[in-house]
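*Asks:* Would you be able to build a 3D model of this:
(chains A and B)
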Amino acid sequence: MRIRQDFIMNTDAPFAPWEDETATPLIKFSNVTKQYGTFTAIDDVDLKIYPKEFFALLGPSGCGKTTLMRMLGGFETVTEGSITIDGVDMDGIPPNKRVVNMMFQSYALFPHLTVAENLAFGLKRSDMPKSEIDGRVEEMLRLVQLKKFASRKPHQMSGGQRQRVALARALAKAPKLLLLDEPLGALDKKLRRETQFELMDIQEKTGTTFVIVTHDQEEAMTVASRIAVMDHGKLKQIDTPDRIYEAPNSLYVADFIGDVNIIEGQVTKSEGEAAELSWGEGKPAIRGMAGESLTAATSGAFAVRPEKVAIFSDEPMDRHNRVNGTVEDIAYLGNMSTYYVRLENGSLIKSQVANNRRIARRAITWGDSVWLSWTDTAGIVLAS
Amino acid sequence: MNIARRLLITVPYAWLVALFLVPFLIVFKISLSDYAISIPPYTPTLELEEGWPGFRAFWAGLDFENFVFLSEDSLYIKAYWSSLKIAVLATFFTLLIGFPFAYAIANAPQEWRPSLLLLIILPFWTSFLIRIYALIGIISNEGFLNQFLMWTGIISDPLVIMNTNTAVYIGIVYTYLPFMVLPIYATLEKLDGSLLEAAQDLGCTRTSAFWSVTIHLAKPGIIAGCFLVFIPALGEFVIPSLLGGSRTLMIGKVLWEEFFSNRDWPLASAVAVILLLVLIIPIILFQRNEQKHREQNK
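*Replies:* Numbering: from 1, shown residues only, chains lettered A, B, ... in the order given. Here you go, the predicted structure:
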């Protein structure tokens, strides 16, 4: 997980146009609905994306994220509502007339053209003078470090190289908006990591607004300035990666992003930022942060990340939130260990502990009765 | 190379020698012979029991007279040219009709495609001759087409299609359409739809994306289809003799007549040898195209 610190620190003020009321968005979805017959793929979406943003659409397959992106590219029509890009209503404007380029999931490189010809394809069809095309192609090849491969055909290149050609081709016409459909989906894990940083680098260098579609939350967290979590055609939450992780607005988002422990119960208190959840007979209520629009006396759930749950052999009397259970499983991952603890009410809670020191002998082992504890601000109480 | 591999390669070579080279040499030998009223109807024939002098007499009897005759008589040159013209035009018409067919099938819903392909292949299950006779039933002066057009009142006199070059074109297009559709379909079916979207994304209109992507990528299929139609159409003789008129001049027909009507085997063989030489060029080009396509698909 890497929050975009470098990006934020490079500028004088943090990059957060979405918090600025006066900022003009580059893209605006107003009440956009898309229906295929009776199936609603996109359900009344309102969304603003600002210039220079790296915006991620994140969700499981079939959630509508690709449809939403293809609408921006002009490959899907809008059933209801409107989309504007740079102040222009996109209704009825074909893909070739938009200031938008797309990098396709399959890369869609023209197999009969060389790398250089692929890059020049869009330029030849723009109003760029012929004399400048070669220069621009070379510039793009340099950007993605593929100068040596200019005369190769796509089938003579590796997956990672093809991915870069696709990126360069989409950027060649200097679009205002670049759409990336699962751009790293076909790469192996290590290459993905490297390419993610390369993508961020290129986005900063060119200053283009990027909208990326991905189902990989780690990828979204790494690259994006903001993430929209989607489910069943609706936007569940639009926020910065850290807010999405630390302050999910619903159980769906909490569960979708990262690992989470969920304890269900009854909301007994919700005052300002603090909330309490009672979860078992005779047990003290759990204290946590109040989720969005949480009201007392409703059923709710407490969500806490495993790395915020500490594990003790003896009861930590100084902490308010403490629960008792039995260690059922230990997953040793090298850099950290995850303890799976079964509570008396049957729910399983994960506690993740960094292995700061070499383990000579485990202090806690299978079958041990242990105490789990977390601070009052570690978790969040959400309406269910 | 070990013996097993040598043997394995020997099989296809032996096949080629027995079924292509030997027959070709026989035909070529006959083309160098002279017409004779005898059985077989040419001279000289090689008499092995006469030994070496016999062979020398045989060798002396061979000459290129027939080829010289072919190059001097304008009938044959005209027939070659006319065949070439008919084959080229017919191939073009087949492409014109076949491409939309292939395109429509490739873009049809997945579950329909096998049935549509079956419809293209289905006519093959009937004898070629019967289909040509059926075609006569449709296009002849009293055929269904004329009856229908006269019944609707579009025309008052029957269209004369039968026994003209038009009938030959119709016959060739009809017969060889599957050879055009299938290879084009094979390339179009593999076409990644996102390539067309990418072309549009990069500034093409729908039409220009079609020309710069679809046609380009279907090229191997188009070329293969054209050769598969052109090569047999050039030597075609059943269609011109059944559908064409007395003025339809095609080398296949000429060859047939030389062979069976005139019984001039040597001249007919010379015609066949030249036809083969004419066809070798497109066949080699066809092989090159296939090989290139295969390499690109690796």
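*Asks:* nearest residue to A:Val381 other than its sequence neighbours?
*Replies:* Excluding its sequence neighbours, the residue lying closest to A:Val381 (CB to CB, 6 or more residues apart in numbering or on different chains) is A:Ala275, at 3.9 Å. Placement of C-beta: from N, CA and C, glycine included.
*Asks:* What is the neighbour count of that neighbour?
*Replies:* 27 (other CB atoms under 10 Å in any protein chain shown).
*Asks:* what's the answer for the one 10 residues further on, then?
*Replies:* By the other CB under 10 Å criterion, the neighbourhood of A:Ala285 contains 20 residues.
*Asks:* Provide the strand pairings for the helix or strand harbouring A:Lys236, with the direction of each partner.
*Replies:* Taking DSSP states H and E as the criterion, A:Lys236 maps to strand A:234-239. Sheet pairing of strand A:234-239 (DSSP bridges) gives strand A:226-231 (antiparallel).
*Asks:* Name the residues of the strand it pairs with that are buried.
*Replies:* A:Arg226, A:Ile227, A:Ala228, A:Val229, A:Met230, A:Asp231 (16 or more other CB atoms under 10 Å in any protein chain shown).
*Asks:* Can you show me the strands along chain B?
*Replies:* B:34-35, B:42-43 (DSSP state E).
*Asks:* Same question for the stretch 1-150 of chain A.
*Replies:* A:27-36, A:39-49, A:54-58, A:80-85, A:88-89, A:100-103 (DSSP state E, counting those that start in this stretch).
*Asks:* which residue sits closest to A:Thr66, ignoring its sequence neighbours?
*Replies:* Counting by CB to CB, 6+ apart, the residue nearest A:Thr66 is A:Val213, at 5.5 Å.
*Asks:* Let me have the strands of the stretch 1-150 of chain A in a markdown table, extended by mean neighbour count and distance to A:Glu219.
*Replies:* Shown next, in a markdown table, are the strands of the stretch 1-150 of chain A (neighbours: other CB atoms under 10 Å in any protein chain shown; distance: least, CB to CB, whole Å):
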| stretch | mean neighbour count | distance to A:Glu219 |
| --- | --- | --- |
| strand A:27-36 | 17 | 21 |
| strand A:39-49 | 18 | 18 |
| strand A:54-58 | 27 | 8 |
| strand A:80-85 | 17 | 24 |
| strand A:88-89 | 12 | 30 |
| strand A:100-103 | 26 | 14 |
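*Asks:* right, and those - which one's nearest chain B?
*Replies:* Chain B sits nearest to strand A:100-103 of all those, at 4.9 Å, using CB to the nearest CB.
*Asks:* For that closest one, which helices and strands make contact with it?
*Replies:* For strand A:100-103, the elements it packs on are helix A:65-73, helix A:159-172, strand A:177-181, helix B:193-201, judged by 3 or more CB pairs under 8 Å, 6 or more residues apart in numbering or on different chains; DSSP states H and E.
*Asks:* Name the helix or strand for the residue nearest to A:Thr66, please.
*Replies:* Going by DSSP H and E, A:Val213 is in strand A:209-214.
*Asks:* which parts of stretch A:193-208 are buried?
*Replies:* For stretch A:193-208, a neighbour-count test (16+ other CB under 10 Å) marks A:Thr195, A:Gln196, A:Glu198, A:Leu199, A:Met200, A:Ile202, A:Gln203, A:Thr208 as buried.
*Asks:* One more: stretch B:280-292?
*Replies:* Buried-residue list, stretch B:280-292, by 16+ other CB under 10 Å: B:Phe286, B:Asn289.
*Asks:* Give me the contacts around it.
*Replies:* B:Pro220, B:Ile223, B:Ala224, B:Phe227, B:Leu228, B:Phe230, B:Ile231 (CB atoms under 8 Å, 6 or more residues apart in numbering or on different chains).
*Asks:* Point out where the chain drops to low pLDDT.
*Replies:* No chain was given, so I picked chain A. A:1-13, A:359-362 (pLDDT under 70).
*Asks:* my bad, the chain I had in mind was chain B
*Replies:* B:1, B:296-298.
*Asks:* Residues of it that sit close to chain A?
*Replies:* Within chain B, the residues that sit near chain A (CB under 8 Å from any CB of the partner chain) are B:192, B:194-195, B:197-206, B:208, B:213, B:216-217, B:219, B:296, B:298.
*Asks:* Rebuild the buried residues of strand A:226-231 as a markdown table, extending it with distance to B:Leu70.
*Replies:* As requested, the buried residues of strand A:226-231 are exported to a markdown table (distance: CB to CB, whole Å):
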| residue | distance to B:Leu70 |
| --- | --- |
| A:Arg226 | 81 |
| A:Ile227 | 80 |
| A:Ala228 | 78 |
| A:Val229 | 81 |
| A:Met230 | 76 |
| A:Asp231 | 79 |
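*Asks:* And those residues, which is closest to A:Gly379?
*Replies:* A:Val229 (18.8 Å; CB to CB).
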